[in-house]
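[1] okay, structure incoming, though there's no sequence with it:
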């Protein structure tokens with residue numbers, strides 16, 4: 001899973017905003033749209049590798065702060081008239097972290113137990129994820145192992161509790177995995193792989209301007225197309241969906257968003273210091289924060305995810321640029337109907 005838990009950080013703030021801007025097209029004219037539909041079979045197996053990382057750019061100097069490589073497989077365990085039953089099976093987990101990122105550290109601590117849990121989920125007949133069948137088992141595993149992970153984390157970093165109180169963070173994470181919907185959010189690779197299934201996307205570029213629930217202006221563009229075969233593993237009928245979303249915040253908006261978000265986790269003394277820093281950093285109220293997300297979703301002709309990519313950029317005025325990337329690529333396949 002991309003995040004064994006949901007940790008709020010500056011880069012991930014863009015997630016809630018850019019997702020408001022992508023509106024998929026539901027049109028009846030199939031000559032100008034591509035339908036994302038899964039034509040799966042029992043025992044179909046896909047193996048994937050997921051690469052995630054974060055970079056910080058200051059004065060054109062780029063620093064890779066963390067990188068995670070995960071391998072997992074998806075197996076279709078049953079095919080019914082209502083859809084499919086599948087399992088996500090963890091295979092391996094590697095990490096590089098130069099900054100002791102809390103999210104990465106906790107993920108490493110939780111991996112030992114997580115690798116033994118298969119996520120059993122169902123989809124509808126189009127391939128869209130519906131339910132996590134064993135979400136309670138996963139919830140209990142997470143709750144049990146959060147305590148062990150936090151014991152290790154706060155013992156190795158004794159000053160951390162004075163900055164980010166353990167009780168606040170632990171309560172926030174446990175709350176986030178207490179429901180089936182919360183567990184689905186932990187397995188965000190499923191949304192990345194199957195989130196578009198059941199939609200029709202225009203083959204003509206569609207651009208729109210909208211406003212997020214928080215009132216931030218958003219510009220988005222989405223399109224789909226059939227790619228040309230480039231190697232022996234491509235198939236006739238493979239297709240691609242692309243989208244880009246841009247959001248701009250004024251200095252005041254950026255301060256309010258960052259201040260209220262960070263205030264959930266950090267103690268008041270540190271939050272006050274951050275507020276003072278933000279007041280100086282965003283002196284020019286017109287140049288606050290810009291957030292961009294570029295997405296590319298490649299599918300085989302039968303709807304199996306082929307290559308999924310997201311690149312998010314957050315520009316904090318003249319302070320710094322933070323970039324996060326996330327890519328899931330297939331590494332091997334076994335289809336019951338493909339030879």
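    Great, that's in hand. Given the structure is predicted, the values throughout are model-derived calculations rather than measurements.

[2] buried ones in stretch 127-142, by neighbour count?
    127-129, 132, 134-135, 138-139, 141-142 (16 or more other Cβ atoms under 10 Å). C-beta here means a position set from N, CA and C on the backbone, and glycine is covered the same way.

[3] okay, and which of those map to helices?
    Cross-referencing the buried residues of stretch 127-142 against helices under DSSP state H gives 135, 138-139, 141-142.

[4] closest to residue 334 out of the residues you listed?
    Residue 334 has its nearest neighbour among those in residue 138, at 25.9 Å by Cβ to Cβ.

[5] can you tell me the closest non-neighbouring residue to that closest one?
    Once flanking residues are discounted, residue 138 sits nearest to residue 183: 5.3 Å by Cβ to Cβ, 6 or more residues apart in numbering.

[6] same check on residue 84?
    residue 123 (4.8 Å).

[7] pLDDT score for that neighbour?
    We have a pLDDT of 98 for residue 123.

[8] number of nearby residues for it?
    22 (other Cβ atoms under 10 Å).

[9] assumed residue 85 was part of a strand.
    Yes: checked against DSSP: H, G, I helix; E, B strand; the rest coil, residue 85 lies within a strand.

[10] list the contacts for it?
    Residues in contact with residue 85 (Cβ atoms under 8 Å, 6 or more residues apart in numbering) are 76-79, 120-122, 133.

[11] give me the buried subset of these.
    Neighbour-count burial (16+ other Cβ under 10 Å) is assigned, among the contacts of residue 85, to 76, 79, 120-122.

[12] which one of the residues you listed sits closest to residue 212?
    Nearest member of the buried ones among the contacts of residue 85 to residue 212, counting by Cβ to Cβ, is residue 121, at 28.9 Å.

[13] and the host helix or strand of residue 312, what other elements does it pack with?
    Residue 312 belongs to strand 305-316 when elements are defined using DSSP states H and E. Contacts defined by 3 or more Cβ pairs under 8 Å, 6 or more residues apart in numbering; DSSP states H and E place strand 305-316 against helix 13-18, helix 188-194, strand 289-299, strand 320-334.

[14] the last one pairs with which strands?
    Under the criterion DSSP bridges, strand 320-334 sits next to strand 45-58 (antiparallel), strand 305-316 (antiparallel) in its sheet.

[15] winner for burial among those?
    For the strands paired with strand 320-334, the largest average neighbour count (mean count of other Cβ atoms under 10 Å) is found in strand 305-316, namely a mean of 20.

[16] that one to strand 289-299, inter-axis angle?
    Counting by axes from the mean of the first three to the mean of the last three Cα atoms, to 10 degrees, strand 305-316 lies at 170 degrees to strand 289-299.
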